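Student: I'll drop the sequence and a predicted model, then ask my questions.
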Amino acid sequence: MMRGPDKSAAVVRGKDGIAVKEKKITPLKDKYPVLGWLFIRGIVGFAGSMKDAMEALTFSAEAAGIEDSESKFDKWLEEKFGGGAVTKMVTAFAAIIGVVLAVGLFIVLPAFLAGLFATHIAELGGWRAAFEGGVRLVLFLLYIILVSQMSDIKRVFSYHGAEHKTIACYEAGEELTVENVKKYSRFHPRCGTSFLFMVVIIGIVAFLWVTNTNILIRVGLKLLMLPFVAAISYEVNRFLGRHDDLFCRVVRAPGIWIQRLTTNEPDDSMIEIGIEAMNRVIPNEKGTDEW
């Protein structure tokens with residue numbers, strides 16, 4: 001999946017060949033300028049990217065033909081709610097479960113573990129939040145490492161690598177061919193992996209202000225702060241991606257390192273899909289896609 005300034009495209013190599021779904025993007029900031037302001041734009045952009053990702057997942061599932069075998073209940077859903085209802089509902093349910101598990105694993109569990117050790121770290125004040133942050137970072141890294149070992153995910157991460165290499169080739173001004181794209185790195189400074197890592201790190205600092213020891217209040221306050229943490233992380237990641245001095249390279253290095261787990265070298269067929277998706281979102285007006 002690629003997202004440009006005015007279009008997004010999902011390209012899938014399905015059972016019937018290459019399938020493409022394009023969508024025109026009308027930025028909300030064009031209608032509501034306040035949504036393009038510093039920090040606010042990060043929250044809006046993240047929400048838009050998540051929406052596009054869920055739609056791309058639904059489209060890819062349909063293109064793969066997962067609905068070939070339908071039960072009576074599936075057919076009833078199709079009749080009542082329209083084509084693709086089963087896939088959309090399964091995807092929506094998976095998204096909800098994913099959010100719940102992420103909150104449980106990366107917010108509730110660290111707070112719970114800190115509570116278990118409360119007798120030992122209660123006098124440390126803000127260090128309780130630092131302890132939780134350290135646990136969150138370890139869990140994040142373990143999660144990435146374990147997921148990256150799954151065979152299906154390895155293939156997904158290869159497509160992720162194809163996206164990065166294609167974008168790098170385009171940004172370098174070279175013609176988008178398989179041979180040209182293969183020359184470029186699978187690591188990219190504006191990757192979502194780097195963004196998530198930045199969320200974890202900035203969250204550790206931001207959550208130092210949460211000093212209440214009640215686990216429900218701690219979790220609630222952190223959930224309320226999370227959009228602001230994401231907004232700050234977006235701006236930091238954006239800045240690091242636009243500059244290539246020594247300071248920026250050092251700060252973004254951990255995120256690049258983690259991309260060694262979330263990207264793999266793609267084969268030619270994967271690069272072809274990346275090129276197809278990129279070609280469909282390149283804007284007509286030169287320079288409108290610059291960060």
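Tutor: In hand now; what should we look at? Numbers count the residues shown, from 1 in each chain.
Student: after the strand or helix carrying residue 101, next one along is what?
Tutor: Element membership of residue 101, judged by DSSP states H and E, is helix 85-103. Per DSSP H and E, the first helix or strand lying C-terminal to helix 85-103 is helix 109-116.
Student: show me what that next one is packed against.
Tutor: Using 3 or more C-beta pairs under 8 Å, 6 or more residues apart in numbering; DSSP states H and E as the contact test, the elements touching helix 109-116 are helix 127-147, helix 215-242. (Glycine included, C-beta is placed from N, CA and C.)
Student: which residues touch the closest residue to residue 218 other than its chain neighbours?
Tutor: Nearest residue to residue 218, sequence neighbours excluded (C-beta to C-beta, 6 or more residues apart in numbering): residue 111, at 5.0 Å. Going by C-beta atoms under 8 Å, 6 or more residues apart in numbering, residue 111 touches 132, 215, 218-219, 222.
Student: could you rerun that using 6 Å?
Tutor: Counting by C-beta atoms under 6 Å, 6 or more residues apart in numbering, residue 111 touches 132, 215, 218-219.
Student: residue 218: neighbour count?
Tutor: Using other C-beta atoms under 10 Å, residue 218 is surrounded by 24 other residues.
Student: any idea how many residues pack against residue 103?
Tutor: Look at residue 103: counted by other C-beta under 10 Å, it has 15 neighbours.
Student: sorry, that was for residue 269
Tutor: For residue 269, using other C-beta under 10 Å, the count is 12.
Student: now name the helix or strand holding it.
Tutor: Going by DSSP H and E, residue 269 is part of helix 268-279.
Student: that helix: which residues count as buried?
Tutor: 270-278 (16 or more other C-beta atoms under 10 Å).
Student: how about stretch 105-122?
Tutor: 106-108, 110-111, 114-115.
Student: among the residues you listed, which one lies nearest to residue 260?
Tutor: residue 106 (21.1 Å; C-beta to C-beta).
Student: ok, and the closest non-adjacent residue to that closest one?
Tutor: Nearest one to residue 106, counting by C-beta to C-beta, 6+ apart, is residue 136 at 5.3 Å.
Student: which residues of the stretch 101-250 of the chain score low on pLDDT?
Tutor: 118-126 (pLDDT under 70).
Student: wait, residue 215 sits on residue 115?
Tutor: Yes - Residue 215 lies in contact with residue 115 (C-beta atoms under 6 Å); the separation is 5.4 Å.
Student: returning to that earlier point: tabulate the helices and strands packed on helix 109-116 (CSV), appending distance to residue 253.
Tutor: Formatted as CSV, the entries for the helices and strands packed on helix 109-116 read as follows, by distance: least, C-beta to C-beta, whole Å:
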stretch, distance to residue 253
helix 127-147, 15
helix 215-242, 10
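Student: ok, which of the ones you listed comes nearest residue 194?
Tutor: helix 215-242 (5.9 Å).
Student: helices or strands next to the helix or strand just after that closest one in the packing?
Tutor: Following helix 215-242 in sequence order, the next helix or strand is helix 246-262 (DSSP H and E). Judged by 3 or more C-beta pairs under 6 Å, 6 or more residues apart in numbering; DSSP states H and E, helix 246-262 is in contact with helix 192-206, helix 215-242.
Student: quick one, which of the ones you listed is packed in tightest?
Tutor: helix 192-206 (a mean of 20; mean count of other C-beta atoms under 10 Å).
Student: got a list of what the closest residue to residue 199 other than its chain neighbours touches?
Tutor: Leaving aside its chain neighbours, residue 199 sits nearest to residue 233 (4.5 Å; criterion: C-beta to C-beta, 6+ apart). Counting by C-beta under 6 Å, 6+ apart, residue 233 touches 198-199, 202.
Student: got JSON lines for these, with distance to residue 100 too?
Tutor: Shown next, in JSON lines, are those (distance: C-beta to C-beta, whole Å):
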{"residue": "198", "distance to residue 100": "23"}
{"residue": "199", "distance to residue 100": "18"}
{"residue": "202", "distance to residue 100": "23"}
